[in-house]
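*Asks:* Prediction below, plus the sequence it came from.
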Amino acid sequence: MKKLITVLLIAGMVLILHSCYYDKEQLLTPPKTANGPCAVYSFATDINPIIQSSCNNGSGCHGAGSSNGPGELVNYNEIRNAVSQIQSSVLAGRMPLGSSLSADQVKAIDCWTKNGAPNN
C-alpha cells in the first residue's frame, strides 16, 4: 500500500511540474519589422549611443533638464518609460528634429522595442 501511495505521489508531482512548463511566444517566433525578423540589439551597445548622439546632441532636445516631449532621455529608465513614444516618433520620421536616422538605426530602435526594450 505504501508503494502505491509513493508511486501516485511521484506521478502527481511529475504531472504538476510538467504542467508549469510554457513556451514564450516571442522566443518561438521573433518579432518582425517591415523588413523581416528582428535581430537582438543591445541597449548599451546599439540603442543608447543612438539616443545620446541624436536626441541629446548639441541641441539638447532631450538632455538633462529637458521638458520636450517625453522629457529627459539620459538613462535607461527614462528611455524605457518613453519607449513607445520614441518608437512611434522614429518610425514616423518625426524624430530626431533637424536630422534623420539611418535605416539601420531605425530598425535597431524598432527591433529593440519589439523585443521588450531590455536593459542589456
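*Replies:* Structure received. Note that the structure is a prediction, hence the values are computed from the model and not measured.

*Asks:* Can you identify each of the helices in this protein by residue range?
*Replies:* In the chain, the helices defined using DSSP state H lie at 2-19, 25-28, 48-54, 76-81, 83-91, 103-114.

*Asks:* who touches the third one?
*Replies:* This means helix 48-54. 62, 73, 76, 79, 86, 96, 99, 101, 105, 108-109 (Cβ atoms under 8 Å, 6 or more residues apart in numbering). The C-beta positions use only the backbone N, C-alpha and C, and glycine is treated the same way.

*Asks:* Let's see that with 7 Å instead.
*Replies:* 73, 79, 96, 99, 101, 105, 108-109 (Cβ atoms under 7 Å, 6 or more residues apart in numbering).

*Asks:* Nearest to M1 among the residues you listed?
*Replies:* Compare each of the contacts of helix 48-54 with M1 using Cβ to Cβ and the shortest gap goes to I79, at 62.6 Å.

*Asks:* Surely that closest one and E72 touch.
*Replies:* No. Contact criterion Cβ atoms under 7 Å: I79 and E72 do not qualify, at 9.3 Å.

*Asks:* Can you pick out the residue with more neighbours from these two?
*Replies:* For the pair I79 and E72, the greater number of neighbours falls to I79 (23 against 19), based on other Cβ atoms under 10 Å.

*Asks:* For that one, give me its contacts.
*Replies:* Counting by Cβ under 7 Å, 6+ apart, I79 touches 51, 73, 86.

*Asks:* ok, so of those residues, who is nearest V14?
*Replies:* Closest approach between the contacts of I79 and V14, by Cβ to Cβ: I86, at 46.0 Å.

*Asks:* Neighbours of that closest one, how many?
*Replies:* Number of residues near I86 (other Cβ under 10 Å) recorded here: 26.

*Asks:* P118 too?
*Replies:* P118: 13 neighbours (other Cβ under 10 Å).

*Asks:* Then W112?
*Replies:* 25.

*Asks:* Now the closest residue to it other than its chain neighbours: phi and psi?
*Replies:* Take W112 and drop its neighbours on the chain: the residue closest to it by Cβ to Cβ, 6 or more residues apart in numbering is Y41, 4.3 Å away. In terms of degrees, to the nearest 10, the main-chain angles of Y41 are phi -110, psi 150.
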